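Asks: Based on what follows, work out the 3D shape:
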Amino acid sequence: MSQPFSPQQQQLSNLLDRPGRVQIASYTQYLEAQRAVDYLSDAKFPVERTAIVGEGLKIVEQVTGRLDWNRALTLGMSQGAVTGVFIGLVFSFLGFGSGKGLLALLLDGLLLGIIIGAAWSLLTYALSGGRRDFTSVGGMRADHYNVLCDPEVAEQARELLSRMPPS
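Replies: As a prediction, this is how the structure comes out:
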């Protein structure tokens, strides 16, 4: 029977899921929890014995606009252009291009990127069948962030955090 996890995955799982950790602080914003752990680090506390755990996770998707044929074309062309210029730059550094100069490779990459980006974007928009006629950005949020610590050093961490100046 095969193992469900590789040794590296098992090691990571053990690192992330240490049972018996205790809560030493709780914050409504991730940056506040990060600031607390940074303060502990500055005080030479063994921060490898702490974790920031977000609880009450939810996925938030902010709709940024309507997607139609023109918008799909514009987005595809702009993303393709950036990718094409980057590929042209890489080709230039690697010495490809049979004697072409940097500018020629960048322009070739730009044009090819625009064409491929536009075609790909229009194809994917057509295949979506109107099921997703909007653009959006997404992220994960938590209701609160707990700073957890190994029990052996929890009191030391609480003492240090009690001296942390307000932000």
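
Asks: what number of residues lie near residue 62?
Replies: Look at residue 62: counted by other C-beta atoms under 10 Å, it has 9 neighbours. Just so you know, the C-beta spots here come from the backbone N, C-alpha and C atoms, and that holds for glycine as well.

Asks: oh, I was asking about residue 114
Replies: Per other C-beta under 10 Å, the neighbour tally for residue 114 reads 20.

Asks: ditto for the one 10 residues further on
Replies: One way to gauge burial is a neighbour count; for residue 124, by other C-beta under 10 Å, it gives 12.

Asks: so is the nearest residue to it once chain neighbours are set aside in a helix, a strand, or just coil?
Replies: Using C-beta to C-beta, 6 or more residues apart in numbering and skipping residues adjacent in sequence, the residue nearest residue 124 is residue 72, 7.9 Å away. Recorded secondary structure, residue 72: helix (DSSP: H, G, I helix; E, B strand; the rest coil).

Asks: contacting residues for residue 72?
Replies: Listed by C-beta atoms under 8 Å, 6 or more residues apart in numbering, the contact partners of residue 72 are 121, 122, 124, 125.

Asks: For this structure, which segments count as strands?
Replies: Along the chain, counting by DSSP state E, strands occupy 22-27, 50-55, 58-66, 134-141, 144-149.

Asks: Quick check: closest non-adjacent residue to residue 50.
Replies: Of all residues not flanking residue 50 in the chain, residue 149 sits nearest, at 4.9 Å (C-beta to C-beta, 6+ apart).

Asks: Return the member of the contacts of residue 72 nearest to residue 20.
Replies: Set against residue 20, the nearest of those by C-beta to C-beta is residue 124 (47.9 Å).

Asks: Now do the end-to-end distance for stretch 38-47.
Replies: Its first and final residues considered, stretch 38-47 spans 8 Å by C-alpha to C-alpha, to the nearest Å.

Asks: now what about it, what contacts it?
Replies: 37, 50, 153, 156, 157, 160, 161, 164.

Asks: Please check the residues you listed and keep the buried ones.
Replies: 37, 50, 153, 156, 157, 160, 161 (16 or more other C-beta atoms under 10 Å).

Asks: And the residue most central in space within the chain, how close does it get to residue 58?
Replies: Nearest to the geometric centre of the chain sits residue 139, at 8.8 Å (C-alpha atoms, centre = their mean). Distance of residue 139 to residue 58, given as C-beta to C-beta, to the nearest Å: 10 Å.
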